[in-house]
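**Student:** sequence and predicted model, in that order:
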Amino acid sequence: MKSSDTTPETSKDNPLGYEKESKLLVGFAIPCIISMLVTALYNIVDQIFIGQGVGMLGNAATNIAFPLSTTCTAISLLLGIGSATNFSLHLGAGEKDESAKYAGNGMCLMAVFGISLFLLTTIFLTPMLKFFGATTDVLPYAEAYTRITAIGFPFLIANTGMSKLILADGSPRYSMISMLIGAVVNTILDPVFIFVLNMGMTGAALATIIGQMISFCISLRYMFHFKTIRLTKDSFHVTGRHCRNIFMLGASACFNQIAMTVVQIVMNNTLAHYGAQSVYGGDIPLACSGIITKVNMIFMSFVIGISQGTQPVIGFNYGAKKYRRVSNTYLLALSAASVLSVIAFICFQVFPRQIISAFGNGSELYFQFSERYFRIYMFLTIINGIQPVTSNFFNSIGKSRLGVFMSLTRQILFLLPLIVIFPIFMGIDGVMYAGPIADGAAAVVCGYFTVRELRELKQLENNAAVN
């Protein structure tokens, strides 16, 4: 049903429908990149200060707790991207009332999911961390850290989800500022709590949740000041249809994070098991893998930020049937992500020891393993921009099934089986070689579906011109 706010001039009045694609991409992608970097910064800052103040076991503990962070991200993207994509598609079609309902339903779901995850983590904390691969020495550190960070889960989920709605409403700078202020607070409080007050893992966790709560408050304020819609009581009436559509269009981004969580859990257990059978022992591989995962998050923050920055542009123009602008925006995003991938590849291959050293000291064996892991596991970083950008592209045009499939290619279809099978024959080195093989296979699959979709968009464009 069309909204009463629908007008034939909607796509002409909104800059998303007529502004130059490259200008829009820069305007939306940069704040998204900064927001993603801020999210990564929470983990990176904790890792650095914990490594310097607590040591290798502290670094290993944050790696054990990391699947819970990715679970939070998965939920927030499911609800944030899902509601924002529906928001953009209906806004492009001129249906403002529907856009408001998707925003309200998304916010309600964020609250329910965030509180539920907090309760589950608090109740099942110890068995959960053991399942994630915690060794006897690492478990106490992981418990101290996660018991506190779980309090921040509802705020983290809501803030990250709301930031996607703020972006879809055309306010990327506000979204960025909200995330940035929380990260600055976390960065300031980390050394105070860890070194000055000597609070160790508990201090790092407290600094994290305080920053998350402040960001949440800033984002919540915007929910009452949307530019393109107005939220009413009716907007918060949760319906099965709206929830289903949110889940469908948020599934791609969510499943990608869930896949990362599953892979991280399996990898932690594999590294601990085969590491114990090697000269490295079980704790060194866990600590190194955690650092490398979080360093890779910095690179992926740029790529994912670019892909998320295209969502309002692609979603609005697809809804407005401006197909040339859709394909142009996608190709621009893919080109930018590829350039960044080349830069990341050079850094990972040339400076692995210097990067690892920033996270604290260790034995020579520790650095040897880290360097090999960096150079082998991240060898095909050069093509890692293709899958996230393509997955988000399909999701933004409403093709949720293809988006979900693209998001699962690397992690579930290729990487997960390989990190289980390869170590059986190659020991702990098998985990390292699984990475580049999965990267290459995922890029081939994404390339095939991308070419097919771009041809379809060209045909739609030609049909629209004829009509």
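**Tutor:** On my side now, so go ahead. Bear in mind the structure is a predicted one, so any value in this text is a computation, not a measurement.
**Student:** burial count for K101?
**Tutor:** K101 has 27 neighbours, counted by other C-beta atoms under 10 Å. The C-beta positions use only the backbone N, C-alpha and C, and glycine is treated the same way.
**Student:** tell me the contacts of it?
**Tutor:** Neighbour list for K101: D234, S235, H237, T239, H242 [criterion: C-beta atoms under 8 Å, 6 or more residues apart in numbering].
**Student:** next, give phi and psi for the most centrally placed residue in the chain.
**Tutor:** Per C-alpha atoms, centre = their mean, the C-alpha nearest to the average position across the chain is that of T73, at 5.9 Å. Main-chain torsions, T73, degrees, to the nearest 10: phi -60, psi -40.
**Student:** chain neighbours aside, what residue packs nearest to it?
**Tutor:** Excluding the flanking residues, the one nearest T73 by C-beta to C-beta, 6 or more residues apart in numbering is Q257, at 4.9 Å.
**Student:** hmm, back to that, state the distance from the residue nearest to the centre of the chain to H90.
**Tutor:** To H90, T73 is 25 Å away according to C-beta to C-beta, to the nearest Å.
**Student:** also M213?
**Tutor:** 31 Å.
**Student:** higher neighbour count, the two?
**Tutor:** Neighbour comparison, M213 and H90: the larger count goes to H90, with 25 against 17 (by other C-beta under 10 Å).
**Student:** hang on, L332 packs against S22?
**Tutor:** Yes: counting by C-beta atoms under 8 Å, S22 is a contact partner of L332 at 5.9 Å.
**Student:** higher neighbour count, those two?
**Tutor:** L332 (19 against 12).
**Student:** list the contacts of the more buried one.
**Tutor:** Going by C-beta under 8 Å, 6+ apart, L332 touches E21, S22, L25.
**Student:** which residues touch T126?
**Tutor:** Residues in contact with T126 (C-beta under 8 Å, 6+ apart) are L139, E143.
**Student:** for it, report the pLDDT, please.
**Tutor:** At T126, the model reports a pLDDT of 87.
**Student:** any idea how far it is from T232?
**Tutor:** Look at T126 and T232: by C-beta to C-beta, they are 45 Å apart.
**Student:** do L286 as well
**Tutor:** Per C-beta to C-beta, L286 is found 50 Å from T232.
**Student:** the two: which is more packed in?
**Tutor:** Per other C-beta under 10 Å, whichever of L286 and T232 has more neighbours is L286, with 27 against 12.
**Student:** how close does the closest residue to the more buried one other than its chain neighbours sit to S69?
**Tutor:** Nearest residue to L286, sequence neighbours excluded (C-beta to C-beta, 6+ apart): A60, at 4.4 Å. According to C-beta to C-beta, A60 stands 15 Å off from S69.
**Student:** which one's more surrounded, the two?
**Tutor:** Neighbour totals were compared for A60 and S69, and A60 leads with 31 against 25 (other C-beta under 10 Å).
**Student:** ok, the more buried one touching V138?
**Tutor:** Yes: applying C-beta under 8 Å as the test, A60 and V138 come out as touching, 4.7 Å apart.
**Student:** what touches both of the two?
**Tutor:** Both A60 and V138 are contacted by D283, L286, under the criterion C-beta under 8 Å, 6+ apart.
**Student:** picking up where we left off before, and which of the contacts of L332 is nearest N395?
**Tutor:** Proximity to N395 was ranked across the contacts of L332 by C-beta to C-beta; first place goes to L25, at 16.9 Å.
**Student:** neighbours around the closest one, how many?
**Tutor:** If you count neighbours by other C-beta under 10 Å, L25 ends up with 21.
**Student:** next: E364.
**Tutor:** Number of residues near E364 (other C-beta under 10 Å) recorded here: 7.
**Student:** and R325, by the same measure?
**Tutor:** Neighbours around R325, by other C-beta under 10 Å: 24.
**Student:** nearest spatial neighbour of T122, chain-adjacent residues omitted?
**Tutor:** Spatial nearest neighbour of T122, excluding adjacent residues (C-beta to C-beta, 6+ apart): A150 at 5.6 Å.
**Student:** no, scratch that, I was asking about V295
**Tutor:** Using C-beta to C-beta, 6+ apart, the nearest residue to V295 is I355, at 5.8 Å.
**Student:** tell me the contacts of C108?
**Tutor:** Listed by C-beta under 8 Å, 6+ apart, the contact set of C108 reads F236, V238.
**Student:** relative to the whole chain's centre, how far out is the host helix or strand of it?
**Tutor:** Using DSSP states H and E, C108 sits in helix 96-123. Centre-to-centre, helix 96-123 and its host chain are 18 Å apart (C-alpha atoms, centre = their mean, to the nearest Å).
**Student:** next one: stretch 349-364
**Tutor:** Mean-position distance between stretch 349-364 and its chain equals 25 Å (C-alpha atoms, centre = their mean).
**Student:** what mean pLDDT does it get?
**Tutor:** Mean pLDDT, computed over stretch 349-364, is 80.
**Student:** ends of that stretch, how far apart?
**Tutor:** 19 Å (C-alpha to C-alpha, to the nearest Å).
**Student:** cool, and stretch 372-382?
**Tutor:** With C-alpha to C-alpha as the measure, the first residue of stretch 372-382 is 17 Å from its last.
**Student:** please point out which parts of that stretch sit buried.
**Tutor:** Within stretch 372-382, the residues scored as buried using 16 or more other C-beta atoms under 10 Å are Y373, F374, Y377, M378, F379, L380, T381, I382.
**Student:** how about the fourth one: what's its closest non-neighbour residue?
**Tutor:** To tie it back to what came earlier, the one meant is M378. Nearest residue to M378 in three dimensions, chain neighbours excluded: F348, at 4.4 Å (C-beta to C-beta, 6+ apart).
**Student:** for that neighbour, the count of nearby residues, please.
**Tutor:** 21.
**Student:** that one contacts N384, doesn't it?
**Tutor:** No: using C-beta under 8 Å, F348 is not in contact with N384, being 10.5 Å away.
**Student:** hmm, back to that, next helix or strand past whichever strand or helix holds the residue nearest to V295?
**Tutor:** According to DSSP H and E, I355 maps onto helix 352-357. Using DSSP H and E, the next helix or strand after helix 352-357 towards the C-terminus is helix 364-377.
**Student:** show me what the following helix or strand past that next one is in contact with.
**Tutor:** Counting by DSSP H and E, the element after helix 364-377 in chain order, helix or strand, is helix 386-396. With contacts defined as C-beta under 8 Å, 6+ apart, helix 386-396 is touched by 81, 85, 88, 249-250, 252-253, 256, 300, 303-304, 306-308, 310-311, 314-315, 318, 330, 333-334, 337-338, 400, 402-403, 406-407, 409-410, 442-443, 446-447, 449-450, 453.
**Student:** dump the contacts of L332 into JSON lines; add pLDDT as well.
**Tutor:** JSON lines is the format used below for the contacts of L332 (pLDDT from 0 to 100):
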{"residue": "E21", "pLDDT": "78"}
{"residue": "S22", "pLDDT": "80"}
{"residue": "L25", "pLDDT": "81"}
